[in-house]
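Novice: got a sequence here, can you build the structure:
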Amino acid sequence: MRTRLIVLQALVLILLAALTVRLWQVQVVRGPELMNRATETRTRVVIVPAVRGQILDSSGRPLVRNKTALVVSVDRTGLTRMKDQGRKVLGKLSQVLGRPVAHLAKRITPCGPKVPKPCWTGSPYQPVPLDEKVDTREALQILERQEEFPGVSAEIHAVREYPGGRAGAQMLGYLSPVTEAELEKRVGLKATFSGVDLAGREGIEYVYDEELRGKAGLRRVQVDRMGKALGVEQEVEPVAGDHLVTSIDSRIQAVTEKALQRAMKSAPQADGGAAVVLDPQTGRVLALSSAPDYDPAVWAGGISERMYRHLLSEKSGKPLVSRAINGQFAPGSTFKVSSVTSMLRAGYPLNGKYSCPGSVNVGGRAFNNFRGIPLGTLSLHLALVKSCDTIFYRAAFEEYTRDGGRSPKKNAKEVFANTARKFGFGSPTGIDLPGESSGRIPDRRWKKETWALTSATNCKRAGTGYPEVKDAARAAFLKRLAHENCTEGFVLRPGDSANFSIGQGDVLVTPLQLARAYAALVTDGKVRSPRIGWALVRPDGKVVKKVPVPVVGKLPLQEKERLYIKNALSQVASDGTAAGAFSGFPMDKVRIGGKTGTAEVWGKTDTSWFASFAPTKNPRFVVVVMVSQGGMGAQTAAPAAREIYEGIFGIKKPAALPGGKPVSKLPAFAPDGTVIRE
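Specialist: You can find the predicted model right below:
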């Protein structure tokens with residue numbers, strides 16, 4: 001026992017000696033150095049995000065605005081450095097937010113090729129917002145017990161709100177987190193990246209992203225070694241983003257949305273639709289609607305995998321896609337304004353008389369008028385009003401033959417195709433929206449290029465057929481078509497020219513292209529590139545920049561020819577193919593002009609079109625409605641256009657636009673940025 005006590009005493013003395021030496025080293029040898037480190041301050045740079053600008057309609061009404069919300073965010077990098085990978089923190093956070101731990105874990109997982117949604121699309125080094133709808137009680141639970149929630153913050157942020165709900169969702173676009181790729185690509189964005197920035201996706205949020213974003217601020221904060229803030233060394237206030245005033249009139253947009261939805265419901269087989277309203281005198285867009293639609297608020301705080309799949313699903317009709325600018329459909333008889341012009345450019349007399357038989361022979365095949373009904377001898381004026389097909393079949397076939405037919409001349413004029421391009425068909429309109437489709441104007445060159453790309457597949461199918469197609473008749477047709485395309489798919493055939501003349505066959509246009517063409521036709525003949533953006537305005541109301549509408553072409557028509565076609569279209573709604581749809585409409589108050597279109601689609605119900613303008617003497621509105629699988633033009637699209645005009649001019653209800661004219665002046669702003677209402 002005595003030996004053990006001696007050993008224990010020795011150990012205690014050694015420990016005391018070591019402690020004394022260490023204290024002497026810390027307090028005497030390194031005392032001044034450690035004292036400086038304990039009292040020194042450090043500077044941390046904090047990027048302060050700017051408030052994003054609002055998107056307003058032509059009268060200053062908000063289409064997209066900001067609202068303040070408590071946002072709970074998680075520093076994923078900090079969680080992954082914890083021993084348990086942050087599972088304990090997520091567990092406590094789950095109890096506060098009322099969401100499963102598994103869901104929260106998915107939300108902070110960076111997206112990848114095999115990572116299911118919801119996942120994090122932004123930078124892995126920025127805080128991940130988990131909930132943008134927390135209440136004050138939930139936020140306080142996190143803030144008051146910060147030691148239990150390391151890496152978790154609850155702060156007030158501005159989030160996007162859509163007063164119009166679903167109206168114009170595809171046109172407006174949405175916001176999502178900035179990605180690493182964007183930070184590397186956009187140097188200016190990387191320099192002012194705050195860690196919680198969102199970038200515009202699709203729509204005008206994307207096109208005007210830089211202007212709406214504003215400029216981030218800078219704050220240099222002095223902190224002690226524990227990270228506690230001691231004071232602000234330097235502060236540069238953020239500059240709020242500009243407001244974007246658009247030419248969209250929210251009142252017309254609302255009327256258009258309702259009319260399109262009603263048209264979709266009236267056609268049992270309808271699977272999509274679009275409506276466009278333009279001011280033909282300026283080329284500005286007053287309303288742009290697409291169906292099916294969706295609620296853009298689903299993007300706030302991250303979208304679920306189920307909803308994301310729904311937006312891109314064929315079954316749901318791909319509501320994320322705008323059929324107004326991306327939908328490509330055969331235009332049917334609405335295309336005849338281009339074909340009449342083609343005839344005039346080919347030398348057919350403006351005031352000539354033309355036979356409209358029930359059927360004509362084109363390349364050994366009979367091409368019938370609508371229901372095979374002969375209409376006698378007509379002028380071009382009545383050919384448009386009554387929508388005769390056979391006049392255009394014959395003219396297109398004659399021009400096809402003059403160009404050499406199946407063996408084209410070197411200097412083939414291809415009048416019908418080249419005239420259509422002058423109307424703006426076959427190329428994007430250039431509207432200030434991303435991802436616009438170009439449509440299609442099929443000519444000899446297109447046939448050759450398409451054959452080169454598809455001949456291998458067609459030749460294979462010519463042998464194997466389509467065993468997967470259950471309909472025997474359709475399978476046989478597809479096999480025969482594959483054989484024809486394999487052997488002579490590079491040849492423009494007589495039937496191709498006939499179908500082209502009435503907007504069928506391989507011709508494809510977008511609703512916006514058709515609206516632009518009609519706008520040029522009924523005003524001054526100038527083809528404009530439509531614009532939604534009108535002006536960028538500072539938060540204090542100062543106009544920074546106006547967005548011009550460029551003229552990009554001119555119709556190949558003399559003034560008297562243009563007026564002739566316009567006058568013919570002015571009778572369609574009263575005495576022509578749309579007379580039934582406009583029965584009882586007060587034409588003495590507002591006269592409507594236009595053209596119906598019924599485009600056949602193999603295996604589906606016809607596409608319904610109506611392209612129109614009003615008032616006919618001095619057009620201020622061009623309205624184009626398209627309903628896929630909507631049936632005849634006069635059956636579905638024309639009644640929808642009528643409903644839009646009734647809303648604009650107040651035929652049955654108070655007018656959406658008192659005075660019946662588009663807004664022509666930018667809204668006035670007070671010094672505090674609020675819109676002055678007259």
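
Novice: ok, then the element right after the helix or strand hosting A515?
Specialist: Per DSSP states H and E, A515 falls inside helix 511-521. Scanning forward in sequence from helix 511-521 by DSSP H and E, the next helix or strand is strand 526-528.

Novice: gap between that next one and the chain center?
Specialist: Distance of strand 526-528 from its chain centroid, counting by Cα atoms, centre = their mean, to the nearest Å, is 22 Å.

Novice: what lies in contact with the helix or strand that that strand is followed by?
Specialist: As assigned by DSSP H and E, the chain's next helix or strand after strand 526-528 is strand 533-537. With Cβ atoms under 8 Å, 6 or more residues apart in numbering as the test, strand 533-537 has contacts from 58, 204, 207-208, 211, 242-247, 284, 432, 543-547, 666, 669. No exception for glycine: its C-beta is placed from N, CA and C like everyone else's.

Novice: send me the following helix or strand past strand 533-537 as CSV with only the CA atoms.
Specialist: Note on strand 533-537: by DSSP H and E, the next helix or strand toward the C-terminus is strand 543-546. Taking C-alpha atoms only, strand 543-546 is exported to CSV below (Å, rounded to 0.1, in the frame of the first residue of the first chain):
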residue,chain,number,x,y,z
VAL,A,543,-38.8,55.1,-67.3
VAL,A,544,-35.4,53.6,-68.1
LYS,A,545,-36.0,52.1,-71.5
LYS,A,546,-38.8,51.5,-73.9
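
Novice: which strands or helices does strand 543-546 pack on?
Specialist: Applying 3 or more Cβ pairs under 8 Å, 6 or more residues apart in numbering; DSSP states H and E, one finds that strand 543-546 contacts strand 533-537.

Novice: now the strand it packs on: average pLDDT?
Specialist: Across strand 533-537, the average pLDDT comes to 96.

Novice: can you check stretch 359-375 too?
Specialist: Averaging pLDDT along stretch 359-375 gives 93.

Novice: off-centre distance for that stretch?
Specialist: Between the centre of stretch 359-375 and the centre of its chain there are 40 Å (Cα atoms, centre = their mean).

Novice: show the end-to-end separation of it, please.
Specialist: 11 Å (Cα to Cα, to the nearest Å).

Novice: show me what counts as buried in it.
Specialist: V360, V362, G363, F367, N369, F370, L375 (16 or more other Cβ atoms under 10 Å).

Novice: ok, back up a step: ok, of the contacts of strand 533-537, which come out buried?
Specialist: The neighbour count (16+ other Cβ under 10 Å) marks 58, 204, 207-208, 211, 242-247, 284, 432, 547, 666, 669 as buried among those.

Novice: so how far is the helix ranked longest in the chain off the chain centroid?
Specialist: Taking DSSP state H as the criterion, the chain has its longest helix at helix 2-24. Centre-to-centre, helix 2-24 and its host chain are 79 Å apart (Cα atoms, centre = their mean).

Novice: quick one: mean pLDDT for that helix?
Specialist: 81.

Novice: for that helix, list the C-alpha coordinates in CSV.
Specialist: The C-alpha trace of helix 2-24 is given here as CSV (Å, rounded to 0.1, in the frame of the first residue of the first chain):
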residue,chain,number,x,y,z
ARG,A,2,2.8,2.4,0.8
THR,A,3,4.5,1.8,-2.6
ARG,A,4,1.2,2.5,-4.3
LEU,A,5,0.7,5.8,-2.4
ILE,A,6,4.2,6.9,-3.3
VAL,A,7,3.6,6.2,-7.0
LEU,A,8,0.2,8.1,-6.9
GLN,A,9,1.8,11.1,-5.2
ALA,A,10,4.5,11.1,-7.8
LEU,A,11,1.9,11.1,-10.6
VAL,A,12,0.0,14.0,-9.0
LEU,A,13,3.2,16.0,-8.7
ILE,A,14,4.2,15.4,-12.3
LEU,A,15,0.7,16.4,-13.5
LEU,A,16,0.9,19.6,-11.4
ALA,A,17,4.3,20.4,-12.8
ALA,A,18,3.1,19.9,-16.4
LEU,A,19,0.1,22.1,-15.7
THR,A,20,2.4,24.8,-14.2
VAL,A,21,4.6,24.7,-17.2
ARG,A,22,1.7,24.9,-19.6
LEU,A,23,0.2,27.9,-17.7
TRP,A,24,3.5,29.6,-17.8
